[in-house]
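Asker: Quick check, what structure comes out for this input:
(chains A and B)
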Amino acid sequence: MAIRNLSPCSSSGTINLSPSVPHYGTPFSTKSVNFSSRDNSCRWVSHILSEFRSRKLIQLKSSNGHPLNAVSFKDDLPGSPIAKEHTMPQVEGSLPIAESVREQPTLSITIVGASGDLAKKKIFPALFALFYEDCLPENFTVFGYARTEMTDEQLRNMISETLTCRIDKRENCDEKMKEFLKRCFYQSGQYNSEEDFSELNRKLKEKEAGRLPNRLFYLSIPPNIFVDVVRCASLKASSKVGWTRVIVEKPFGRDSDSSRELTRCLKQYLHEDQIFRIDHYLGKELVENLSVLRFSNLVFEPLWSRNFIRNVQLIFSEDFGTEGRGGYFDSYGIIRDIMQNHLLQILALFAMETPVSLDAEDIRNEKVKVLRSMRPLQLEDVIVGQYKGHNKGAKSYPSYTDDPSVAKDSLTPTFAAAALFVNNARWDGVPFLMKAGKALHTKRGEIRVQFRHVPGNLYKTNFGTDLDKATNELVIRVQPDEALFLKINNKVPGLGMRLDRSDLNLLYKARYPREIPDAYERLLLDAIEGERRLFIRSDELDAAWALFTPLLKDLEQRKIAPELYPYGSRGPVGAHYLAAKYNVRWGDLSAEDS
Amino acid sequence: MAAFSSADCSSYYSSSSPYTLAPVSRNGHYRIQFVKVSSLTNCPSQKVFSRLQTQNTSNSNVVGMRDVATIINPAERKTPVEKLRDGSLSATFSEERNDRLCFDSRKDESTVSITVVGASGDLAKKKIFPALFALYYEDCLPKHFTIYGYARSKMADEELRKTISKTLTCRIDKRENCSEKMEQFLKRCFYHSGQYDSLENFAELDKKLKEHEAGRISNRLLYLSIPPNIFIDAVRCASLSASSTNGWTLVIVEKPFGRDSESSAALTRGLKQYLNEDQIFRIDHYLGKELVENLSVLRFSNLVFEPLWSRQYIRNVQLIFSEDFGTEGRGGYFDNYGIIRDIMQNHLLQILALFAMETPVSCDAEDIRNEKVKVLRSMRPLRLEDVALGQYKSHTKGGITYPSYTDDKAVPNDSLTPTFAAAALFIDNARWDGVPFLMKAGKALHTRRAEIRVQFRHVPGNLYNRNIGTDLDQAANELVIKIQPDEAIYLKINNKVPGLGMRLDRSTLNLHYAARYSKEIPDAYERLLLDAIDGERRLFIRSDELDAAWALFTPLLKEIEEKKITPEYYPYGSRGPVGAHYLAARCNVRWGDLGLDL
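Answerer: Alright, predicted model coming up:
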């Protein structure tokens, strides 16, 4: 099989950057300093960095004719300390080449909330995997930051338990792990103490040893202390000469107002460009592949519209409940937890028009356009559910309200299905159905594209009266068992003429024996490289909240009682009625269940 | 997987449950629909032994069977209007039609006699008898049937049975009761020796057939498995002396149907002295291949393919046939015809016509064949510069020496007959203008293969062109329909290589028949014989199709012979002459089967 690769996307994006100075203009110098390749050739890149950089600089100058530092940011917030610092790298970028080569950059990654679950299960392992694959810069340091008192050794012990290698990479794993752990340190401190962050800053400086410092903060902490941490970190621990970036995880507020407030607060200390809002679903292999499928194959794009697509289904299900940790969930609910972010992001990627280029800003511009073309959800377009206890065999499964951290009379939905519409020329009238739920019968994330029936089907007598049962369907299974399949009608081999549905199939496991990297690896690497394609811009976030906020308010004000469904079931039947209203049938619950 | 349905648009019904329909009578005409389904389910399509003879009564009967709704549409099973002709045969013929149409009403009283003329030949032994046995095994033959072998050699019934029993192997998944079934089958096989041009000998055959028919309605099928020069003699004798008087008589003929427009027209004229067009079943066994049949299903029962099926998206279509052996001492027949007549003008051209046709009005034989003829008539006749010819030469590989074509004792030493040919064809209609249809057929190549390759255009303004490099066409999508061996359908798509970074490669959306369908796929001859017994003409070639096909190739063939064009030599077991690549290059095409990724 021919593998065509030439340059990794990030680099091609960089080269393209100059002609269209985007909205939240990416400081190119930031990019060029960090220019690094993603595949296994990470290492050599640093050696030829200067070559690339000089080429790019030339291109930049010649293409827009302006001095590099003349680029202005639309959202500029003069006066905020980091915003000022942030302009520094641009100056650095135009330094004489020789000097910038001499000055080797270092990368310090600080995980704020290092003792938390996400940090242990996802962030440290992802960093280790990146290190294992030589994707981290030569000089890097990882710092854990949390309130607990701990020594470096204790942190290392703690994270080494979950630092497992990916399956196909067992070789030298122990050795690599040791090397990695040596680069991990710990600093304890309060999240709102500028002093403690100064202390962190001191330690970081030590490790950076005079090299050009770039700093990445990963906020793995509850949202109510986001702003405190950002304040302290930006005032006391941001890089003076290199870049400083902050990764934040959901929840980004709980409605339009609180989200806007959070953004406003973050922007007191950070420039939009420095904020990396992570949606880890966007880092999933098949979500990334969605655009590749559409835009690098001739056979899909002609079908990608209301002319051929009857409906699109975005399905997320978990086969477990809150399992005693429902405290956070109960104040958000499944709509905020899954739909408003993960599923909506996939929808936007799916439905967007062809972007001008693969640059982050171009893609995000198109996504925002989709979100802004959508009509806000109505109560009648949604059904909500909550799981109840269920006995199966000898085992008894708890109800949602059995969770000790959940209020007994909680009306928080653990299941929701919704119908959304994109009112633009491409998608007018096509229902986009979303479904997300906990404690269902299966664990699954998938995109289903159901096509219209064949007009004037010659073989209609073979299908009986319901032509819609025989329509084509494209299924993109995001997890588990990544796969892509197109259901087609086919003649059953043999004498006579019987038709059935078979699949044109691509099962990733069979085709790509290598383990697929975790979404966090990709996203961390992107953040390190300053590639913003998979992160959420604030106007995207605003548009997403604008769609859901009226509905969420309505649900809460009217105290809509969710339809109860048994733990481990297929969810409330209300979802079927919702689908029926739009003349749709859920693809994941049909007889041919795949 | 859901198997929807069962009823074919033409004439088949299948169901897992036995069912019977009560006869429906209307207006004094007998419109009897009797649907017989055996209780056995191993025959996927039980036949409807009914021919609805209504002219325009639209008595569709909607029959609900379990989860299957079957609509019996009289229009779909109406046999083509017969043209009455002068002569006794025609009279019999129209009469016999009536009987045939309703023979189900007296099903128990009707018989089918299948006479294989040329029973001692290779094709008969290897293909026809085994196919008949497979049909019998699957209960697809009518209750009363007799099989006669007819040839010049003197032989007893027993001897015939012995000869054919050697090749009568069951299909793999059907081992059960095989020997028992085989015995039963052989009991129905008889032999009659006679000359192919003797009215008397055929009259004797007729007498014997009548014995077996025992007064029931007799339907007769003659399979001419004989050299073309005696086609007309056999047809004359059979039709005059051995055709059915109260049932139908059909004749199956195999290629070659002449060697150019004139000889083909002469043959057709000759046959039509004794047979009506409707009685002539010209077999092209490629049309009976599973994936060739599936081609129309793919196009017309899926929404996702038809929008792409035009010059707007398809860059070129390739029809590829290759064998990994030469003539192996039996080149006598072949040398007189050559690969173009042997493979291209019939098999590949038929597939092309099916591929490129417009949507037919229905799945009826005549509707489909009308569309195919339209395609053929829209094509430009081939010119010499659109063709590359080759002939294999000897080759020594690893101690084994493979012979050249002219080493074949049955072939003259100075033969210029092509054993390989590649051609570029064009359909000058609105759908296909400018799209090259490339054909390639050859013997003694490196692989045995038959496939259809549809190469799509490149993605206009591809966002990922940096990842693909400068040659966008190398990253174009391709739909491959593999007809043999290892039946499969796959669509090559561009995909992100999983992992960090953005690398693209081509992977396939795949449907491999062996993995998806555990049942053995029936041989093409089974399907075609069954269709002939059923009077289903969809997969047989009509004379106007044949004329149009010859019209495309005759000027080229004449020129090749008149100018004594020397074929390009290629080693036995190689990938064929490089001339094929230059031909493709002229059309700005790259052969899909010889690329790095298949």
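Asker: ok, now which ones touch residue 262?
Answerer: Since no chain was named, I'll use chain A. Contact analysis of A:L262 by Cβ atoms under 8 Å, 6 or more residues apart in numbering or on different chains lists A:223, A:226-227, A:252-253. The way it works is simple: take the backbone N, C-alpha and C, and place the C-beta from them, glycine included.
Asker: please go with chain B instead
Answerer: B:E262 neighbours (Cβ under 8 Å, 6+ apart): B:T554.
Asker: next helix or strand past the helix or strand containing it?
Answerer: Here B:E262 sits within helix B:261-274, counting by DSSP states H and E. Counting by DSSP H and E, the element after helix B:261-274 in chain order, helix or strand, is strand B:280-283.
Asker: Next, see if that next one gets close to chain A.
Answerer: No - figure legend: strand B:280-283 not in contact with chain A (Cβ under 8 Å from any Cβ of the partner chain); closest approach 15.6 Å.
Asker: Can you show me the strands along the stretch 101-250 of chain A?
Answerer: A:105-112, A:140-146, A:184-188, A:212-219, A:244-248 (DSSP state E, counting those that start in this stretch).
Asker: thinking again about what came up before, filter the contacts of A:L262 down to the ones close to chain B.
Answerer: Filtered for proximity to chain B (Cβ under 8 Å from any Cβ), the contacts of A:L262 leave an empty set.
Asker: Contacts only, for the nearest residue to A:V248 once chain neighbours are set aside.
Answerer: Nearest residue to A:V248, sequence neighbours excluded (Cβ to Cβ, 6 or more residues apart in numbering or on different chains): A:L219, at 4.9 Å. Contacts for A:L219 (Cβ under 8 Å, 6+ apart) come out as A:112-113, A:226, A:229-230, A:246-249.
Asker: Recalculate using a threshold of 6 Å.
Answerer: Taking Cβ atoms under 6 Å, 6 or more residues apart in numbering or on different chains, we find A:L219 in contact with A:112, A:229, A:248.
Asker: Out of these, who's the most crowded?
Answerer: A:V112 (28 neighbours; other Cβ atoms under 10 Å in any protein chain shown).
Asker: my guess is that residue contacts A:V230, does it?
Answerer: No - the criterion here is Cβ atoms under 6 Å, and A:V112 misses it with A:V230 at 9.4 Å.
Asker: residue ranges with poor pLDDT in the chain?
Answerer: All of this is about chain A. Applying pLDDT under 70 to chain A flags residues A:1-103, A:165-170, A:462-468, A:591-594.
Asker: wrong one, chain B
Answerer: For chain B (pLDDT under 70), the answer is B:1-108, B:170-175, B:467-473, B:595-598.
Asker: A:Y132 and chain B, how far apart?
Answerer: 12 Å (Cβ to the nearest Cβ, to the nearest Å).
Asker: Residue numbers of the stretch 401-550 of chain B in contact with chain A?
Answerer: Proximity of the stretch 401-550 of chain B to chain A, by Cβ under 6 Å from any Cβ of the partner chain, involves residues B:456-457, B:459, B:463-464, B:466-469, B:477, B:491, B:493-494, B:496, B:498-505, B:507, B:509-511, B:516-517, B:521-522, B:527, B:530.
Asker: just the buried members of those residues?
Answerer: Among these, those classed as buried by 16 or more other Cβ atoms under 10 Å in any protein chain shown are B:456-457, B:459, B:463-464, B:466-468, B:477, B:491, B:493-494, B:496, B:498-505, B:507, B:509-511, B:516-517, B:521-522, B:527, B:530.
Asker: State the phi and psi torsions of the residue lying closest to B:I164 once chain neighbours are set aside.
Answerer: Closest residue to B:I164 apart from its sequence neighbours, by Cβ to Cβ, 6+ apart: B:F129 at 4.4 Å. Dihedral angles phi and psi of B:F129 (degrees, to the nearest 10) take the values phi -60, psi -40.
Asker: State the distance from B:F129 to B:L529.
Answerer: Remark: distance between B:F129 and B:L529 (Cβ to Cβ, to the nearest Å) = 11 Å.
Asker: hang on, the earlier thing: I'd like to know which of the contacts of A:L262 are part of helices.
Answerer: Counting by DSSP state H, the part of the contacts of A:L262 found in helices is A:226-227.
Asker: Count the residues that sit near the residue of chain A found nearest chain B.
Answerer: Chain A approaches chain B most closely through A:G496 (1.9 Å), counting by Cβ to the nearest Cβ. For A:G496, the count of nearby residues is 23 (other Cβ under 10 Å).
Asker: Repeat that for A:P455.
Answerer: Every residue meeting other Cβ under 10 Å relative to A:P455 is counted, giving 8.
Asker: So what sits opposite B:K397 in the bridge?
Answerer: B:I400 (DSSP bridges).
Asker: Hmm, I typed the wrong one, I wanted A:R245.
Answerer: Here A:R245, judged by DSSP bridges, has bridge partners A:L216.
Asker: any idea how far A:E272 is from it?
Answerer: Counting by Cβ to Cβ, the gap from A:R245 to A:E272 is 11 Å.
Asker: Between these two, tell me which one has more neighbours.
Answerer: A:R245 (24 against 20).
Asker: residues touching the more buried one, list them.
Answerer: So A:R245 contacts A:216, A:274, A:276, A:527 (Cβ under 6 Å, 6+ apart).
Asker: Please apply the same query to B:R431.
Answerer: Counting by Cβ under 6 Å, 6+ apart, B:R431 has contacts B:S310.
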